[in-house]
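S.K.: Quick one, structure for this:
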Amino acid sequence: MRGLKVRGLELALLVLLGGFPPIGRGAATQLSRKPPQTPVEEVKEVLHGVELVDPYRWLEDQWSPKTRAWIEQQNAYTRALLDAVAGREWIRRRLAELMKVDVVGLPIERGGRYFFTKRRAEQEQAVIYMRRGRQGPDEALIDPHPWSPDHTTSVTLLDVSDDGTLLAYGVRQGGEDELTIRLFDVEARRDLPDVLPKGRYFDLSLVPNKSGLYYARHTPEGPRVYFHRRGDDPARDREIFGRGYGVDKIITVTLSEDGRYALFTVSHGAGARRTEIYLYDVARDGPILPVVKDIEARFSGQIAGDTLYLLTDWNAPRGRLLAVDVRKATAQDQWREVIPHSSAVITNFALVGGRVAVNFLENVQARVRMFDPQGKFLAEIPLPAIGSVSGVRGRWESPEVFYAFSSFHIPTTIYRYDVNTRTSEVWAALKVPIRSEAFEVKQVWYESRDRTRIPMFIAHARGLKLDGSNPTLLTGYGGFNVSMLPGFSARAVLWMELGGVYALPNLRGGGEFGEEWHRAGMREKKQNVFDDFLAAAEWLIKNGYTNPSRLAISGGSNGGLLVGAALTQRPDLFAAVVCSYPLLDMIRYHRFLVARFWIPEYGASDDPEQFRYLLAYSPYHRVTPGTRYPAVLFITGDADTRVDPLHARKMAARLQAATASDRPILLRYDTKAGHSGGLPLSKQIEDLTDELSFLLWQLGVRIPQS
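M.R.: Okay, here's the model as predicted:
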């Protein structure tokens, strides 16, 4: 650690007086150790009349021997500090208790059989199971554990045929976005010869007669929809749709339940306002007709029988649901409104049991309501507390609906709802050793810099004293129209058990209040997101929850950009930061991997006006030498094929060279971890142990030693 040279009694006095958080003896011996030196190789360029100097451009070359050696040195430095934190073993044991439990995914019912993933407490990865009838025994179908010695290969359940005899699943290596697609004969318990090669797939649907499947895949020319006939060479799969769309577009394909129609949905980039929808008559092999093409709005569609339902924010920023006869879908004057625009945000819908199940957010409170096909309200599914609902799933011809509920302190429970009796029963529940009643979740409101009112969820133990000294972990996202609600988290539970406060504000850029809320935090208005987050921190301090020396922030992906901006704009406000799989160089981000998809959300430096606002907040470019930065742990890995790891590499080097504080700047770089999960459970526990050890150490939280 830069500039700190203390030993024995001096170190003990610093800890007692609050000059530095408590650490173990091993970590104490590392305090005077400086981070590895990173060579500076300046690259100068002029963009739109502004000279930019990049001292660490060479770290963008991920596989050069020089970069690999640098990564090894950084990991060694990080391990030397994190492995020596006092109480680390207690953290690992408690996380194992919270996470080594049976975990069951939402089921798919086909032909009276229920297909789902389940990871038993002692297992590293989820296994695909089948249950014959609701009460039948669980039968393991596809177990990835023998496929890799380190258990970094995982499986994803994608689709099942109507009779429950054919299954499509994906195989993922580490945390890569890319999958290999396989077909599985349920009766014979074996893989079929058909294998779709490793790639970035956007969607997949088996046809009812099991003769093949439709899938959408990213290609070097752009996204394309293909049909694969079973037994054929995938290299000769027939292209159905997508020609002419470039690599900045995303296409998905969904079949109607009866297999008669397919919907092709074209998104003009993540966060983009424009969507196109095309209808394909599968039975007649065409034509492909445009349903939505030249409307500046988002649309998503599903078909039940002969009716196409469209969820849109067209003339309705919080969403409305339209319906139209499939045979007249191209005629906008035939569209009729089923669920009108209201003060509540419609986030999703499902066609189940002859009903329309609609997910609403009312002041960021989750609601699920049932309507008949004409939009008449029938019932609301009761939820047990403030929390989140996910995966409302079912079939149009079946009365069963499955959904999952959780909150910060309430483990995920999967419910089966009967649309006829309007009753719910538990299908599966996490049996986690916690006392949920010992904690509380509440919603507060605060003002941002421009006086906009922002809601925030706060969770902590009941009876918490607001004396300004509580260790507090503030997290957030604020982008891509994503709504953030309380969901079960081992991180949150352990934090609260140690007397901490867990806070989640609903920042602009998200979808909590519809498209207007989203647009208020994108492109040239992105600074609003950071202002909302900083205002949340200030509110927590002002209202007695914590103080800067006991306040930490954490975020990943777009949330990594969020905390990167926060730490560079207000380094005085936080003691510690965990920045995971982040975007940080906003001038060059769009040049790497799939980042071109995000230009509609952020903009790109190729445009002079967008360059100016990107440069104004780009965390990598805001690092100022001589600033006392908080402690930072950057997390990334080679298998992140979505957000290029170069962001964390360059930012770690630049902060290490710039900071004038004695707080450590660390990089934990995994050679197999990536953006899409898939890590074995033991690795998940180890990684979370690192994060919490770092945060608790830096905030001075005393951790039990036994």
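S.K.: Output the below-cut-off pLDDT ranges for this protein.
M.R.: Within the chain, the ranges that satisfy pLDDT under 70 run 1-32, 672-677, 706.
S.K.: Helices along that one, start to end?
M.R.: 8-16, 25-29, 65-82, 88-99, 490-497, 515-519, 527-542, 558-569, 599-602, 608-617, 619-622, 646-658, 681-699 (DSSP state H).
S.K.: wait, isn't residue 239 in contact with residue 225?
M.R.: Yes: in this structure, residue 239 is within contact of residue 225 by Cβ atoms under 8 Å, at 7.3 Å. For glycine as for every other residue, the C-beta is placed from the backbone atoms N, C-alpha and C.
S.K.: With neighbour numbers in mind, choose between these two.
M.R.: residue 225 (24 against 11; other Cβ atoms under 10 Å).
S.K.: hmm, back to that, could you redo the helices of the chain as CSV and give each row mean neighbour count?
M.R.: Formatted as CSV, those follow (neighbours: other Cβ atoms under 10 Å):
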stretch, mean neighbour count
helix 8-16, 12
helix 25-29, 16
helix 65-82, 17
helix 88-99, 18
helix 490-497, 22
helix 515-519, 19
helix 527-542, 22
helix 558-569, 26
helix 599-602, 21
helix 608-617, 17
helix 619-622, 21
helix 646-658, 24
helix 681-699, 22
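S.K.: and residue 427, which of these is closest to it?
M.R.: Shortest distance between residue 427 and the helices of the chain, using Cβ to Cβ, is found for helix 88-99: 20.9 Å.
S.K.: Pull the contacting residues for residue 460.
M.R.: Shown in contact with residue 460 (Cβ atoms under 8 Å, 6 or more residues apart in numbering): 439, 440, 470, 496, 500, 501, 502.
S.K.: And residue 55, by the same measure?
M.R.: Here residue 55 is in contact with 40, 41, 42, 43, 653, 654, 657 (Cβ under 8 Å, 6+ apart).
S.K.: ok, now residue 447?
M.R.: By Cβ under 8 Å, 6+ apart, residue 447 lies in contact with 453, 454, 535.
S.K.: burial count for the second one?
M.R.: Just to be clear, that refers to residue 454. 21.
S.K.: Number the chain from 7, please
M.R.: All right, first residue 7 from here; so that's residue 460.
S.K.: Quick check: bridge partners of it?
M.R.: residue 452 (DSSP bridges).
S.K.: tell me the two of the contacts of residue 61 that are most distant?
M.R.: 49 and 663 (15.7 Å).
S.K.: What separation is there between residue 165 and residue 221?
M.R.: As judged by Cβ to Cβ, to the nearest Å, residue 165 and residue 221 stand 10 Å apart.
S.K.: my guess is residue 690 meets residue 105, correct?
M.R.: Yes: the criterion here is Cβ under 8 Å, and residue 690 meets it with residue 105 at 6.7 Å.
S.K.: Skip the chain neighbours and tell me the closest residue to residue 649.
M.R.: If the residues on either side of it in the chain are set aside, residue 649 comes closest to residue 587, at 5.1 Å by Cβ to Cβ, 6 or more residues apart in numbering.
S.K.: The one you found: what's it in contact with?
M.R.: 562, 563, 566, 641, 642, 643, 646, 648, 649, 651, 654, 681 are the contacts of residue 587 under Cβ under 8 Å, 6+ apart.
S.K.: next one: residue 77
M.R.: So residue 77 contacts 655, 673, 675 (Cβ under 8 Å, 6+ apart).
S.K.: switch to 6 Å and redo it
M.R.: residue 675 (Cβ atoms under 6 Å, 6 or more residues apart in numbering).
S.K.: Residue 322 too?
M.R.: residue 347.
S.K.: And residue 631, by the same measure?
M.R.: Counted by Cβ under 6 Å, 6+ apart, residue 631 has contacts residue 664.
S.K.: any idea how far it lies from residue 666?
M.R.: Counting by Cβ to Cβ, the gap from residue 631 to residue 666 is 8 Å.
S.K.: What ranges does the stretch 307-456 of the chain have for its strands?
M.R.: Counting by DSSP state E, counting those that start in this stretch, the stretch 307-456 of the chain has strands at residues 313-318, 326-331, 342-345, 351-358, 361-368, 371-377, 383-386, 394-400, 406-413, 416-424, 429-435, 445-453.
S.K.: tell me the angle the last one makes with strand 416-424.
M.R.: Read it as strand 445-453. 90 degrees (axes from the mean of the first three to the mean of the last three Cα atoms, to 10 degrees).
S.K.: and strand 445-453, which residues are buried?
M.R.: 445, 446, 447, 452 (16 or more other Cβ atoms under 10 Å).
S.K.: just the third one next, same as before
M.R.: Taking 16+ other Cβ under 10 Å as the basis for neighbour counts, the residues of strand 342-345 that come out buried are 344, 345.
S.K.: got the contact list for that strand?
M.R.: Residues contacting strand 342-345 (Cβ under 6 Å, 6+ apart): 326, 327, 328, 329, 381.
S.K.: my guess is the third one meets residue 340, correct?
M.R.: When you say that, I think you mean residue 328. No: contact criterion Cβ atoms under 6 Å: residue 328 and residue 340 do not qualify, at 10.0 Å.
S.K.: Between the two, which is the more surrounded one?
M.R.: residue 328 (20 against 12).
S.K.: Tell me how far that one lies from residue 544.
M.R.: From residue 328 to residue 544 the distance is 42 Å (Cβ to Cβ).
S.K.: again, but for residue 553
M.R.: Residue 553 is 11 Å from residue 544, by Cβ to Cβ.
S.K.: Turn the contacts of residue 466 into a markdown table, columns for distance to residue 113.
M.R.: Converted to a markdown table, the contacts of residue 466 look like this (distance: Cβ to Cβ, whole Å):
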| residue | distance to residue 113 |
| --- | --- |
| 445 | 29 |
| 446 | 32 |
| 476 | 40 |
| 502 | 31 |
| 506 | 35 |
| 507 | 36 |
| 508 | 30 |
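S.K.: which of those lies closest to residue 708?
M.R.: For the contacts of residue 466, the nearest to residue 708 is residue 506 (12.0 Å; Cβ to Cβ).
S.K.: ok, the residue nearest to that closest one when sequence neighbours are not counted - how many residues close by?
M.R.: Closest residue to residue 506 apart from its sequence neighbours, by Cβ to Cβ, 6+ apart: residue 477 at 4.4 Å. Neighbours of residue 477 under the rule other Cβ under 10 Å: 24.
S.K.: dump the residue contacts of residue 477.
M.R.: 506, 556, 705, 707.
S.K.: Surely the second one and residue 705 touch.
M.R.: Yes: Residue 556 is in contact with residue 705 according to Cβ under 6 Å; the separation is 5.3 Å.
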